[in-house]
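Asks: model the structure of this input:
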Amino acid sequence: KWPEDVNLFHRQSEIYRRKGDIKRWLVILKRAEKLEPENAATHLNLSMAYNQNGDASLAMNHVIEAIKINPAMTAAHLQMGRLHILNDDIPEAATSLDKAFELGVEDPNERLQYAHVLMRARRPADAQSEAMLVTQVAPTNALGWCVLAESLYVQFKRDEAMKALTDGLAILPRNKTILMMRQKFEAFEKTQE
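Replies: Below is the predicted model:
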């Protein structure tokens, strides 16, 4: 009935994305952009498609455009953070993710990635806060316990770090990831003696 509709193009493009047909995904999104050049969702989707296609420059250009059109678009700030991570620009990634989480992101996996980026950006106290939220919301996420412990450990809170690992093991007995983190700390301490 309305073949030239941006929302329809978005739905069609999603089908091609799920099928792994990046070429058609891009073709449909470019049609949506021609029809409505000031659509933030189109630019965000183009950013993701170009990123999948290996074109980081165009991916960045489109996410910048999405944020310019709609500065409150949380998903665009997350995408910007991901692109900065891929470019190994961790301080910029942290800044973009700060904005996304300020706007409101609830997904524990996104929060865990954020905590990890904060660690790499040398913001362990912030990483600790985010990892603690992950362990409260998703206590069976072993990486949450490990990031929490690591963020405490780098702040010279050794006992708290070990307690975090013990708490994680109480929920996830014999979890290999948590046990490896504990062994890593113990091995480091032996080298310091």
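Asks: flag the shaky bits of this protein, pLDDT-wise.
Replies: Applying pLDDT under 70 to the chain flags residues 1-3.
Asks: the helices in it, which residues?
Replies: Applying DSSP state H to the chain gives helices spanning 6-19, 22-35, 40-52, 56-69, 74-86, 90-103, 108-120, 124-137, 142-153, 158-171, 176-192.
Asks: okay, those helices in CSV with mean neighbour count next?
Replies: (C-beta placed from N, C-alpha, C; glycine too.) As requested, the helices of the chain are exported to CSV (neighbours: other CB atoms under 10 Å):
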stretch, mean neighbour count
helix 6-19, 16
helix 22-35, 18
helix 40-52, 23
helix 56-69, 19
helix 74-86, 22
helix 90-103, 19
helix 108-120, 21
helix 124-137, 20
helix 142-153, 25
helix 158-171, 17
helix 176-192, 13
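Asks: who touches E36 in this structure?
Replies: E36 makes contact with 6, 42 under the criterion CB atoms under 8 Å, 6 or more residues apart in numbering.
Asks: and it, how far from N51?
Replies: From E36 across to N51, the span is 21 Å (CB to CB, to the nearest Å).
Asks: over to P37?
Replies: 20 Å.
Asks: which other residues reach stretch 18-31?
Replies: 9-10, 12-13, 16-17, 42, 45-46, 49-50, 52-53.
Asks: distance to V147 for these - can I get that in JSON lines?
Replies: Compiled in JSON lines, the contacts of stretch 18-31 are given as follows (distance: CB to CB, whole Å):
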{"residue": "F9", "distance to V147": "39"}
{"residue": "H10", "distance to V147": "34"}
{"residue": "Q12", "distance to V147": "39"}
{"residue": "S13", "distance to V147": "34"}
{"residue": "Y16", "distance to V147": "35"}
{"residue": "R17", "distance to V147": "30"}
{"residue": "T42", "distance to V147": "34"}
{"residue": "N45", "distance to V147": "30"}
{"residue": "L46", "distance to V147": "32"}
{"residue": "A49", "distance to V147": "30"}
{"residue": "Y50", "distance to V147": "30"}
{"residue": "Q52", "distance to V147": "27"}
{"residue": "N53", "distance to V147": "31"}
